[in-house]
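Undergrad: show me the folded form of this:
(5 chains)
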Amino acid sequence: MIGIRRAGIIASALVMSICLWAPLSFGGADRDKLLSEPGVFGTFATFSLGETWVKQDQATRIGQLALLKGVVEQHREKIAVDLYLLRGLSDYGDLMFRVHASELRDTQQFLLDLQSSAFGKHLKGAGLMHGLTKKANYVPGFPDQLKTDLKVASEPGSKPYAIVIPVRKSAEWWALDQDKRAAMMQEHTEATMPYLKTVKRKLYHSSGLDDLDFITYFETSKLEDFHSLILSLEKVKEFQYTRRLGHPTLIGVVKSLDEMIEVLAQ
Amino acid sequence: MIGIRRAGIIASALVMSICLWAPLSFGGADRDKLLSEPGVFGTFATFSLGETWVKQDQATRIGQLALLKGVVEQHREKIAVDLYLLRGLSDYGDLMFRVHASELRDTQQFLLDLQSSAFGKHLKGAGLMHGLTKKANYVPGFPDQLKTDLKVASEPGSKPYAIVIPVRKSAEWWALDQDKRAAMMQEHTEATMPYLKTVKRKLYHSSGLDDLDFITYFETSKLEDFHSLILSLEKVKEFQYTRRLGHPTLIGVVKSLDEMIEVLAQ
Amino acid sequence: MIGIRRAGIIASALVMSICLWAPLSFGGADRDKLLSEPGVFGTFATFSLGETWVKQDQATRIGQLALLKGVVEQHREKIAVDLYLLRGLSDYGDLMFRVHASELRDTQQFLLDLQSSAFGKHLKGAGLMHGLTKKANYVPGFPDQLKTDLKVASEPGSKPYAIVIPVRKSAEWWALDQDKRAAMMQEHTEATMPYLKTVKRKLYHSSGLDDLDFITYFETSKLEDFHSLILSLEKVKEFQYTRRLGHPTLIGVVKSLDEMIEVLAQ
Amino acid sequence: MIGIRRAGIIASALVMSICLWAPLSFGGADRDKLLSEPGVFGTFATFSLGETWVKQDQATRIGQLALLKGVVEQHREKIAVDLYLLRGLSDYGDLMFRVHASELRDTQQFLLDLQSSAFGKHLKGAGLMHGLTKKANYVPGFPDQLKTDLKVASEPGSKPYAIVIPVRKSAEWWALDQDKRAAMMQEHTEATMPYLKTVKRKLYHSSGLDDLDFITYFETSKLEDFHSLILSLEKVKEFQYTRRLGHPTLIGVVKSLDEMIEVLAQ
Amino acid sequence: MIGIRRAGIIASALVMSICLWAPLSFGGADRDKLLSEPGVFGTFATFSLGETWVKQDQATRIGQLALLKGVVEQHREKIAVDLYLLRGLSDYGDLMFRVHASELRDTQQFLLDLQSSAFGKHLKGAGLMHGLTKKANYVPGFPDQLKTDLKVASEPGSKPYAIVIPVRKSAEWWALDQDKRAAMMQEHTEATMPYLKTVKRKLYHSSGLDDLDFITYFETSKLEDFHSLILSLEKVKEFQYTRRLGHPTLIGVVKSLDEMIEVLAQ
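TA: Numbers count the residues shown, from 1 in each chain, chains lettered A, B, ... in the order given. As a prediction, the model looks like this:
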């Protein structure tokens, strides 16, 4: 528990450095909307932390992290930012930013400011994927019972693990008529039911925005359940129309901005 | 809005540096022809900006950007150059130059001069694709109504987003006779009709010039519409003969040379 | 046998450096459980040793290795660590850590501490794969004789070689019903019988946790037998449903922490 | 036309530096034979020019280029060297050497001497492909008219563009009997007839010498014709037996050694 | 012939440096057995020579090469080492060591010692493949005449070129019964007969030891014959069950240790 004592020192250093932006509520007024509504762009930006970072002394690092906080704050009116620590779990990068915005240019401006900040100069881009949230495509046609079951509340408590799996469907999938796809998606959805409470899911549509059709995002505290969910989904008929699943599979731990600063300051 | 004040300073610095090339109309007399006629070579040259760039002080950077402007100006009789900021949207590069020329050697000479300029020494080649504009292949055989519909004017206003998607067709596609391909291309074209006003398209033929058959280029202010367009195109029969779509998908924001200099000077 | 004399010097240096953590029994109370029970996460973390390592003098290296020992010790309550020397046998990395933990976050914390240690700063991540141990899926339905045969004891004596082979099954495999898969897995299992005594096996389930379905882990002193085992498995019907085998195949030699320190100190 | 004035300075510098090897006729007595006869090995060696090159002052560069000329001269008895500027047209490399030799060891010795020369130390290998010229395999069985048509002279005048496309055929192709392959190659050859005058072709056989079956080499002044040629070849039946075309497609501009030195000296 | 004079200087320097290990017969008592018997592991270790190597003065390099000779000598009781110069012929590496050993650990120890030697610190691993020699699988069932024909002696004289081609068979191949595979291997073997005298072959079995099924090794003085051999093998039925051939194809020139030292000292 070395972290706890150190956290105090860092916290006071940060208070001194960043008193310019008070009060600091992480995420602006629109965060809830951005995270729940259709028509929002979700960007998954993965970075490696260069070797230059750790070579700096802690005071310098703390100062630069305060500037990171400033950059996030500066954009909070237009975008919602979530942070993930990939290091130690994923070899594709060390940090991931999930950014939601109504306009992809706002996300771009945030990432430009991030990368040109004193902190950002230590970051090396490791991947960038975009998707769009949309109204559920197949759900309206599902049986009423299934629709009701889908509304079950997620288990309370934190879901520390986040997993991002990009998906590309085959040309054969898109050539099927809507009814056939709907029937298979119903089977797919039924397979997810046992895991609704413990594994949260969010879907982004990527065709044209990236070399993908979908980005699937998961949060859970029970990775066994998440594994069982994916295994169930590999057994339904719709999976045979999947040409790419993962590559990369990104796995990380959700961190608040302050928690992430704490980790990076060490 | 830090950028605005700074822009003034940069602007005056540039005026002092580049007064040698006045008056500076970006794009020469042939630009309109190069951008509209068949038989023109289009090159998409993507670059990453090396770490050495940001390590320089701003005055040095502004001086080097003035030289960039000079290089573009020097070639404007023979080529038409468009610029795109990929950074923050694409992980394949930071900047993209789209160059149109009647002879690919003129494009080569521009890129050689660019890369050996003081600015260009900070650029690292991240990708290069070539294509050729040609007269529409299938359109002459389309029904008159469809031909008329295709002439609809694009919505006025700027289209800030540009997307580049390379395409490779299967051997089976090329083995089909012209009639079958024409019928499928008619279905393909009909699927694009709802998006004609909001998504501009341009096609380059690449067979032999690159590991591709086509480069498809899009401009839009509505990325949702662009996404819907690509999704529609994945559902027509012709898509089953597509072996590669994207890889990379390049997404960026259109910038004038002055806007780009403004971004890079910061 | 240069190593032996040198080992004495290193050993005494280490005793002086690490007397803070005595007594040093490598692996905590739960090691046996973690290595035998279902529901445990296994992580295979591969690293290259940077060129900076060998440029240091031996005293510095020995000091840093003592800190490595400290990091492993610090986490031994929650995780079980095994070490492998890949260098000279695998071109994917120099060292491999196999980490077993009930929670993947504990593995992450270990790897974070490892990489931020003075020793870890010389490590460059070369690969990370995760899997989950589960109860045998098909064995309960096997004939009694086969179940009995499977319980044969492994030959006594050390098994110095370890091989890690990731596996991905095709969509067709998962689409088969459980009976068909069970019948093929029985044939697969029977093919392994001649090698039960000389090749130890352990299976990790990865679907969703990585771009894989399984991680297969082997230990042997007879690589010829291991080769014959894999060849036998390529000849059973189930192999036709394997889409990826290896890529990478990791091959190394099991080392205790002290042995590894001895190798790295030279 | 900056180049012209500078060329004078460079030329005189070179005369002073390389007066040791006079008279300098680029290409030895056997060049014509090497370029026309069967049983000759053709090597395509692609290099990137490291960042260290441009950091040197021009006098140093000119001195090193004189040494390059010396290396080429020294080997001219045994090999024929052609040079291509890829930079600005290909992202696979900056320079390409095409080397013809009766023995691949002579090519190796040239490349070893090149790479260990003061100039060569700035080169970074970007690709190496080998093929063998052979007597025409299918032509002897073609109809007489076709054989006559194939003898048409190429249009006079320089053909500045060179394109290299590696090809791999499928196992199915090689499994066809000679008659079937001959019939398809006749269709293939007929498709090339409209471009015989404007696109020169040369074929190298690579099976076993590289991860390829063929290297196809083209020279033209009309890239539109070259594009049309490849498109025609994609439409004949034989193309369905092609598993790889390009990857990389190398496109460059033919340069004499003196022209290349001129370009590199700048 | 610069090399010859220089060789004298190097030779005397080496004599002074390495008089500790006299008499120096390269290859120990078991070399013949290791190169001819079944049950031996063959390792193909490819290295690039870092830029640091050539930056050293020649005396330093000669000193380090003497140490290389020492490392090889030190292991000659247990392993047989062959050396190949790939540079100028293969872009996968500069040097290749082929190591034969009864135990793969002995090969590992040699490579560890090599890489930690003063010379080895300039080497960068570029590839590592392992295989096992086994008794001929299909030959015992061949007709007597074919068995006799296979015993023909290789042409006398040196075979300077060596080529290494890794092979992976399809799952369909392994699913065939032994008789069918034997019949196809007989056809395969008959296709090799015209080249028995001029192309030497050696086969290593890799399943499980690497991402391969076989490593095929060839030596020849006539690369045309080698090309014709591979082309013949692409035309037999068995080739349709080959999923990977090459990738990489390694081509180099056989060098004795002294010859290699001579090359590297320059």
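
Undergrad: ok, and the closest non-adjacent residue to the closest residue to chain E within the stretch 151-266 of chain A?
TA: Per CB to the nearest CB, the residue of the stretch 151-266 of chain A with the smallest distance to chain E is A:His247, at 17.1 Å. Any C-beta I mention is one placed from the backbone N, CA and C, and that applies to glycine too. In space, and not counting its chain neighbours, A:His247 is closest to C:Asp211: 5.3 Å by CB to CB, 6 or more residues apart in numbering or on different chains.

Undergrad: and that neighbour, its phi and psi?
TA: phi -80, psi 40 (degrees, to the nearest 10).

Undergrad: tell me where chain A has strands.
TA: Under the criterion DSSP state E, chain A contains strands at A:41-49, A:79-85, A:95-101, A:123-132, A:161-169, A:199-205, A:214-220, A:242-245, A:250-255.

Undergrad: can you lay out these as a markdown table showing mean pLDDT and distance to chain B?
TA: As requested, the strands of chain A are exported to a markdown table (pLDDT from 0 to 100; distance: least, CB to the nearest CB, whole Å):
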| stretch | mean pLDDT | distance to chain B |
| --- | --- | --- |
| strand A:41-49 | 97 | 7 |
| strand A:79-85 | 98 | 12 |
| strand A:95-101 | 98 | 10 |
| strand A:123-132 | 97 | 4 |
| strand A:161-169 | 98 | 8 |
| strand A:199-205 | 97 | 7 |
| strand A:214-220 | 98 | 11 |
| strand A:242-245 | 96 | 11 |
| strand A:250-255 | 98 | 13 |
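
Undergrad: now mean neighbour count too, for these, in JSON lines please.
TA: JSON lines is the format used below for these (neighbours: other CB atoms under 10 Å in any protein chain shown):
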{"stretch": "strand A:41-49", "mean neighbour count": "23"}
{"stretch": "strand A:79-85", "mean neighbour count": "24"}
{"stretch": "strand A:95-101", "mean neighbour count": "23"}
{"stretch": "strand A:123-132", "mean neighbour count": "21"}
{"stretch": "strand A:161-169", "mean neighbour count": "22"}
{"stretch": "strand A:199-205", "mean neighbour count": "20"}
{"stretch": "strand A:214-220", "mean neighbour count": "20"}
{"stretch": "strand A:242-245", "mean neighbour count": "16"}
{"stretch": "strand A:250-255", "mean neighbour count": "23"}
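
Undergrad: pipe those into TSV and attach distance to C:Pro38 per row.
TA: Output for those, formatted as TSV (distance: least, CB to CB, whole Å):
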stretch	distance to C:Pro38
strand A:41-49	32
strand A:79-85	27
strand A:95-101	30
strand A:123-132	33
strand A:161-169	19
strand A:199-205	20
strand A:214-220	19
strand A:242-245	25
strand A:250-255	20
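
Undergrad: returning to what we had before: close enough to count as contact, the residue nearest to A:His247 and C:Arg168?
TA: Yes - counting by CB atoms under 8 Å, C:Asp211 touches C:Arg168, with 7.4 Å between them.

Undergrad: whichever residue of chain A sits closest to chain D: how many residues sit nearby?
TA: Chain D sits closest to A:Asp211 of chain A, with a gap of 17.2 Å, by CB to the nearest CB. Other residues near A:Asp211 come to 18 when the count uses other CB atoms under 10 Å in any protein chain shown.

Undergrad: coming back round to it: who are the contact partners of the residue nearest to A:His247?
TA: A:Leu245, A:Gly246, A:His247, A:Pro248, A:Thr249, C:Arg168 (CB atoms under 8 Å, 6 or more residues apart in numbering or on different chains).

Undergrad: try it again at 10 Å.
TA: C:Asp211 makes contact with A:Ile165, A:Arg244, A:Leu245, A:Gly246, A:His247, A:Pro248, A:Thr249, C:Met129, C:Pro166, C:Arg168, C:Arg244, according to CB atoms under 10 Å, 6 or more residues apart in numbering or on different chains.
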